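> model this:
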Amino acid sequence: MNSHRPVWPAVIACLLVLLLPSSVDGEIIYDNSTTYTGTVHSVIDREFGDEVWLASDGAIITEFQLQYYVENKAGPLTGNERAEIYLRFNDGPLINGVHAPGTVFYDSGLFAIKDGDRRVTISGVSLPAPKHFSWTIEFTGFTTNETAALLLFQPVEVGFSPEFYWEFDATGWEPLLLNAGSTPANFGARFKGIPQSAPRLALELAKDKKSITLKWPGVSAGFVVQEKNANEPAWRTLKVPTKNMGDHFEASVPASGGAKLYRLVGQ
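Below is the predicted model of the structure:
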């Protein structure tokens, strides 16, 4: 009975370590951060922002960047200035033929901001997102001499954004135009992520009395299998022959030597 124990940690590890052909950060799935129009739009103490369409049919967002401008015309900032960023599904009421921002699926919490042209980057996240949603921001803690604004960029280079923006006031959400629609209300932002259409890669294991056979999909060329003892921190590349079976790769290792963990990583 004891001979079966070493494989269970390996099975658990392989089920948990799911990697994708994209890098950890993913790829650019929405980008409107290249061509600054020289225009900003300021809203204080109200949530406002942009509705966006990703270049893929939904994705796992891993990073996003927003660009803003802050100024105190009377001197330095007081130190009380804050911002809070939200990502919202567009599942709110239908207003002028479009659904308003609704359910929050990400909230940055309040964070301090500095003066000048700034870029805030939020990374290390894993946020399932639909093809289209809204990102919004609220600036708070500003005096009468201070202003905060989002920078306008055009054209959108990856993905799509309509020419209106969303603003929340005492009556609720409202889609608004800038300069009667002559100025596209597309605020500077960039999203990176892993498209949902990307194939997920995972190891499979089959064990007999003498060996463990590892299998992984044939789309994972350029990936290698690594192993480590369950009680050690260091991973090492598996140095055994790998067979290309057409639709998958295979490698066999001895079913001995104590409990081990296995993972699939890109080179």
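
> quick one: neighbours of the nearest residue to Thr183 once chain neighbours are set aside, just the number.
Distances taken as Cβ to Cβ, 6 or more residues apart in numbering put Thr39 closest to Thr183, at 6.6 Å, once the chain neighbours are dropped. C-beta here means a position set from N, CA and C on the backbone, and glycine is covered the same way. A count of nearby residues for Thr39, using other Cβ atoms under 10 Å, gives 16.

> quick one: average pLDDT of the strand or helix carrying Thr39?
Of the helices and strands defined by DSSP states H and E, Thr39 is found in strand 36-42. Strand 36-42 shows a mean pLDDT of 94.

> contacts for that strand, please.
Taking contacts as Cβ atoms under 8 Å, 6 or more residues apart in numbering, the residues outside strand 36-42 that touch it are 69, 147-154, 165, 178, 183, 185, 187-188.

> buried subset of those residues as a PyMOL selection?
Paste this into PyMOL to select the buried members of those, with burial taken from 16 or more other Cβ atoms under 10 Å:
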select buried, resi 69+147+148+149+150+151+152+153+154+165+178+185+187+188
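
> which of the contacts of strand 36-42 fall in strands?
For these, the ones inside strands are Tyr69, Thr147, Ala148, Ala149, Leu150, Leu151, Leu152, Phe153, Tyr165, with DSSP state E as the criterion.

> list the residues that contact the second one.
By Cβ under 8 Å, 6+ apart, Thr147 lies in contact with Ser42, Ile44, Tyr69, Val70, Glu71, Lys73.

> quick one: which two of the contacts of strand 36-42 are the most distant?
Thr147 and Gln154 (21.5 Å; Cβ to Cβ).

> so, low pLDDT: which residues of the stretch 101-250 of the chain?
Scanning the stretch 101-250 of the chain with the threshold set as pLDDT under 70 gives 197-201, 218-222.

> where along it do the strands fall?
Taking DSSP state E, counting those that start in this stretch, the strands of the stretch 101-250 of the chain run over residues 104-107, 111-112, 116-129, 132-140, 146-153, 165-169, 172-176, 189-195, 204-207, 211-217, 223-229, 236-237, 243-244, 248-254.

> is it possible to export the ones you listed to TSV including distance to Ile85?
Listed next are these as TSV, based on distance: least, Cβ to Cβ, whole Å:
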stretch	distance to Ile85
strand 104-107	8
strand 111-112	8
strand 116-129	7
strand 132-140	5
strand 146-153	11
strand 165-169	14
strand 172-176	17
strand 189-195	10
strand 204-207	40
strand 211-217	36
strand 223-229	34
strand 236-237	40
strand 243-244	46
strand 248-254	42
